[in-house]
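In: Fold the following, please.
(2 chains, ligands or ions: 2)
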Amino acid sequence: MTDTMAFWIVQGLHGLQFSMLLFLLSVGLTVIFGLLHFVNLAHGALYALGAFVSFSAVKLTGSYWAGFLLAPVAVAIAGMLLYLGLIKRMRNAGPMNQVLITFGLIFVFLDIFRIFWGDIALGVEEPALFSGPIEFWGIKYSAYRLFVIGLGIFVLGVLHLILSRTQIGAMIRAGVDNEHMAACLGINVEKVFFIVFCVGCALAGLAGAVAAPILSVYPGMGTEILIPALIVVVIGGLGSLKGAMAGSLLVGFIQTFGAVIAPQIASVLVYVLLAGVLIFRPAGLFPARS
Amino acid sequence: MLEVRDLHTGYGETRVIHGLDFNVEQGRVLGILGRNGAGKTTTLKSVMGLIGITKGSVKLDGQEITGQAPYHIARSGIAFVPETRDIFASLTVLENLELAARVTPVGARDWTLERVLDFFPRLGERLQNGGNQLSGGEQQMLAIGRALLMNPRVLVLDEPTEGLAPIIIKQIHDKLMDLKRDGLTMLLVEQNFGFATSLADDICIIGRGTAAWKGDPAELRKDHDLQSQWLGV
Ligand SMILES: Nc1ncnc2c1ncn2[C@@H]1O[C@H](COP(=O)(O)OP(=O)(O)OP(=O)(O)O)[C@@H](O)[C@H]1O
Ligand SMILES: [Mg+2]
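Out: Ligands and ions are numbered 1, 2, ... in the order given. Down below sits the predicted model:
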């Protein structure tokens, strides 16, 4: 195996790992968009909250897994409170008001993070189980990053099974298709929305916990990833699992390889892709509603 | 059984219905007729709770259901077959049916999946097809089958013949006739005059936002002045 070959494989794995992180984040965003027609710009802040909760849990218990388990739960609870306190009332307030409110929430969260955790970037240790690199084909690659890739694929599989095989999955698809008709079949669409919203938040929290050892934990981390996550949602198509995965892979790989091959224009490439999709497939690559 | 009193409804500033009364009696079929844009669909959507009611009341078996959420109204026993059929495109035919069967109202479980497939054999051949792969007639059968699986006390149909070929209209007519003989209470909105007057036991014509005429289908069929005044037949 040549060195250049190994280099590209490592870059490919990096791209895949970043894609999976984007997927965990954007899947909640896209389903909330598709189902509730709700623009939650604070989704990135919830991801950051997951990372901070995970940091504190790891610090208190000394175990990575405490953060891994607690972050999704804590963020789901935060999402629940947000939904009941704000979002439920904003359901029919129109996109402009929703954007304003959730944009404001970003700053509220930023200040909460600064007050409780400070402004300095914090580090979280990788779990002992996945610490250090793994060697294969003469390549050394971080075991933890492989774990993140595996986790992303696992979550995709579980969500796919739930959506395609279970009754709640059918209810969610029906709700995305036609909210009113779903209600006419006796489905409490509002309750389904609530569950979906909380699951989306939990996944954002999980993404935060998983990202913590790779990226450091700092207040602005949510705003930083929000833009790529929104691009993933638009490219993939609102409300679609397949779209979230396809969009995440595209954005993840373009960002990773762009930074290596053409660092000067790397940051522009994703927007070029976005513009291309908007021109040729305005509904995204795999929109949930055909 | 389904009693609508002094209904006022519309879209924001646009008032469509003002002061409509009708009563769908147990085991009978009430046909609602009216010109295009008379407010028939608006009336049905208001009964289902999909459109807010400004004034008036809707009662099912004497129980007030005015202002309740649509899922609540559906669970209390009103099944809706909308004008646009609204088959879920991202669900298979089977899933469309199963979703409806989920809600079992109190009382006997007359309609099962087997019975619906027996009633509409065409659906049985299409179970694994996506909801977006059906012909207009199949969509209508699925919409009706789905409604039946809810085991409703009242079946509400909005223009079931719209856009269908005459032979399919005949099939749908015969199926609804079977349901009627079975004693199912129905509220049927139709533009197809022959179809409606043949199925309905009672007729209510909506005109100028209210009940312009009520009576017997036979009477209406004879009265050509009435037909041209309110229906343009
Ligand atoms: N979403 C809406 N917003 C505003 N006005 C509407 C809306 N839907 C219907 N209308 C208006 O309300 C009136 C009644 O419409 P409705 O669809 O109830 O008539 P209809 O009797 O069902 O007609 P058709 O026989 O063509 O189905 C019409 O004048 C229509 O233009
Ligand atoms: Mg209509």
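
In: Which other helices and strands does the helix or strand where A:Gly104 lies contact?
Out: Under the criterion of DSSP states H and E, A:Gly104 resides in helix A:95-117. Here helix A:95-117 touches helix A:43-61, helix A:88-90, helix A:221-236, going by 3 or more Cβ pairs under 8 Å, 6 or more residues apart in numbering or on different chains; DSSP states H and E. Glycine gets a C-beta too; all of them are placed from N, C-alpha and C.

In: you'd agree B:His72 is up against B:Ile65?
Out: Yes. Applying Cβ atoms under 8 Å, one finds B:His72 in contact with B:Ile65, separated by 7.5 Å.

In: Compare neighbour counts for those two and give me the winner.
Out: B:Ile65 (21 against 14; other Cβ atoms under 10 Å in any protein chain shown).

In: Residue 138 - how many residues pack around it?
Out: No chain in the question, so chain A it is. The burial count for A:Gly138: 11, using other Cβ under 10 Å.

In: actually it's chain B I care about, not the one you picked
Out: Quick note: B:Glu138 (other Cβ under 10 Å) scores 22 neighbours.

In: Next up, the contacts around it.
Out: B:122-123, B:126 (Cβ atoms under 8 Å, 6 or more residues apart in numbering or on different chains).

In: thinking again about what came up before, what's the helix holding A:Gly104 in contact with?
Out: By Cβ under 8 Å, 6+ apart, helix A:95-117 touches A:37-42, A:44-46, A:48-49, A:52, A:55-56, A:82, A:86, A:90, A:93, A:217, A:219-220, A:222-223, A:226.

In: try it again with 7 Å
Out: A:38-42, A:45, A:48-49, A:52, A:86, A:90, A:219, A:223 (Cβ atoms under 7 Å, 6 or more residues apart in numbering or on different chains).

In: Now find how far off-centre the helix ranked longest in chain A is within its chain.
Out: Scanning chain A for the longest helix, with DSSP state H as the assignment, gives helix A:3-36. Offset of helix A:3-36 from its chain centre (Cα atoms, centre = their mean, to the nearest Å): 9 Å.

In: Any part of that helix near chain B?
Out: No. With Cβ under 7 Å from any Cβ of the partner chain as the criterion, chain B is not reached by helix A:3-36; the gap is at least 10.8 Å.

In: how about that helix: buried residues?
Out: By neighbour count with 16 or more other Cβ atoms under 10 Å in any protein chain shown, helix A:3-36 contains the buried residues A:9, A:11, A:13-36.

In: Report the entries of these that also contact ligand 2.
Out: Checked against ligand 2 using Cβ under 5 Å from the ion, those give no members in range.

In: For chain B, which segments are assigned as helices?
Out: B:40-47, B:70-75, B:93-101, B:113-119, B:121-124, B:136-149, B:166-181, B:193-199, B:217-222, B:224-230.

In: which one of those lies closest to A:Leu241?
Out: helix B:93-101 (16.2 Å; Cβ to Cβ).

In: OK, contacts around residue 70?
Out: I'll assume chain A. A:53-54, A:57.

In: could you do chain B instead?
Out: With contacts defined as Cβ under 7 Å, 6+ apart, B:Pro70 is in contact with A:180, A:183-184, B:48-50.

In: farthest pair in those?
Out: Comparing all pairs in these by Cβ to Cβ, the longest separation belongs to A:His180 and B:Gly49, at 9.8 Å.

In: quick one: average pLDDT of stretch A:159-167?
Out: For stretch A:159-167, the mean per-residue pLDDT is 93.

In: List the buried residues of that stretch.
Out: Neighbour-count burial for stretch A:159-167 [16+ other Cβ under 10 Å]: A:159, A:163.

In: beta partners for the residue nearest to the spatial centre of chain B?
Out: Geometric centre of chain B, nearest residue: B:Leu157, 1.6 Å, by Cα atoms, centre = their mean. Counting by DSSP bridges, B:Leu157 is bridged to B:Val81, B:Leu188.

In: Quick check: residues of chain B near ligand 1?
Out: B:11, B:14, B:16, B:34, B:36-42, B:83, B:191 (Cβ under 6 Å from any ligand atom).

In: Which among those count as buried?
Out: By 16+ other Cβ under 10 Å, the residues of chain B next to ligand 1 give B:16, B:34, B:38-42, B:83, B:191 as buried.

In: Can you narrow these down to the ones near ligand 2?
Out: B:41, B:83.

In: Can you list phi and psi of B:Gln128 for me?
Out: Main-chain dihedrals, B:Gln128, degrees, to the nearest 10: phi -90, psi 0.

In: contacting residues around it?
Out: B:Gln128 touches B:92, B:94, counting by Cβ under 7 Å, 6+ apart.

In: Would you map out the domains in chain B?
Out: Domain assignment of chain B by automatic domain parsing yields the ranges B:1-75+B:155-233, B:78-152.

In: From the contacts of A:Leu70, list the buried ones, please.
Out: Using 16+ other Cβ under 10 Å, the buried ones in the contacts of A:Leu70 are A:53-54, A:57.

In: thinking again about what came up before, if we take the contacts of B:Pro70, which one ends up nearest to B:Glu114?
Out: A:Cys184 (23.4 Å).

In: Mind pulling up the pLDDT for the closest residue to A:Gly200 other than its chain neighbours?
Out: Excluding the flanking residues, the one nearest A:Gly200 by Cβ to Cβ, 6 or more residues apart in numbering or on different chains is A:Gly28, at 2.6 Å. At A:Gly28, the model reports a pLDDT of 90.

In: Am I right that A:Gly28 is in contact with A:Ala207?
Out: No. A:Gly28 sits out of contact with A:Ala207 when judged by Cβ atoms under 7 Å, with a separation of 8.6 Å.

In: Need the overlap of contacts for these two.
Out: Joint contacts of A:Gly28 and A:Ala207 (Cβ under 7 Å, 6+ apart) do not exist.

In: and the helix or strand of chain B with the lowest mean pLDDT, which residues are buried?
Out: Ranked by mean pLDDT, DSSP states H and E, the weakest helix or strand in chain B is helix B:224-230, scoring a mean of 83. Neighbour counts over helix B:224-230 (16+ other Cβ under 10 Å) mark B:226-227, B:230 as buried.

In: want to throw those into JSON lines with distance to A:Ile195?
Out: JSON lines is the format used below for those (distance: Cβ to Cβ, whole Å):
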{"residue": "B:Leu226", "distance to A:Ile195": "53"}
{"residue": "B:Gln227", "distance to A:Ile195": "52"}
{"residue": "B:Trp230", "distance to A:Ile195": "48"}
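
In: for the residues you listed, which one is nearest ligand 2?
Out: B:Trp230 (15.6 Å; Cβ to the ion).

In: From what I see, the closest one and B:Thr210 are in contact.
Out: No. Assessed by Cβ under 7 Å, B:Trp230 is found out of contact with B:Thr210, at 11.5 Å.

In: Most tightly packed of the domains of chain B?
Out: For the domains of chain B, the largest average neighbour count (mean count of other Cβ atoms under 10 Å in any protein chain shown) is found in domain B:78-152, namely a mean of 19.

In: mind checking the end-to-end distance for it?
Out: 5 Å (Cα to Cα, to the nearest Å).

In: how far does it sit from the chain's center?
Out: The answer for domain B:78-152 is 14 Å, by Cα atoms, centre = their mean.

In: one step back: so which of the residues of chain B next to ligand 1 reach chain A?
Out: Within the residues of chain B next to ligand 1, nothing lies near chain A by Cβ under 7 Å from any Cβ.

In: Make a markdown table out of those residues and add pLDDT.
Out: Converted to a markdown table, these look like this (pLDDT from 0 to 100):
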| residue | pLDDT |
| --- | --- |
| B:Tyr11 | 93 |
| B:Thr14 | 89 |
| B:Val16 | 93 |
| B:Gly34 | 93 |
| B:Asn36 | 91 |
| B:Gly37 | 91 |
| B:Ala38 | 92 |
| B:Gly39 | 94 |
| B:Lys40 | 95 |
| B:Thr41 | 96 |
| B:Thr42 | 96 |
| B:Glu83 | 95 |
| B:Gln191 | 90 |
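
In: which one of those is nearest A:Leu159?
Out: Nearest to A:Leu159 among the residues of chain B next to ligand 1, with distances taken as Cβ to Cβ, is B:Glu83, at 34.4 Å.
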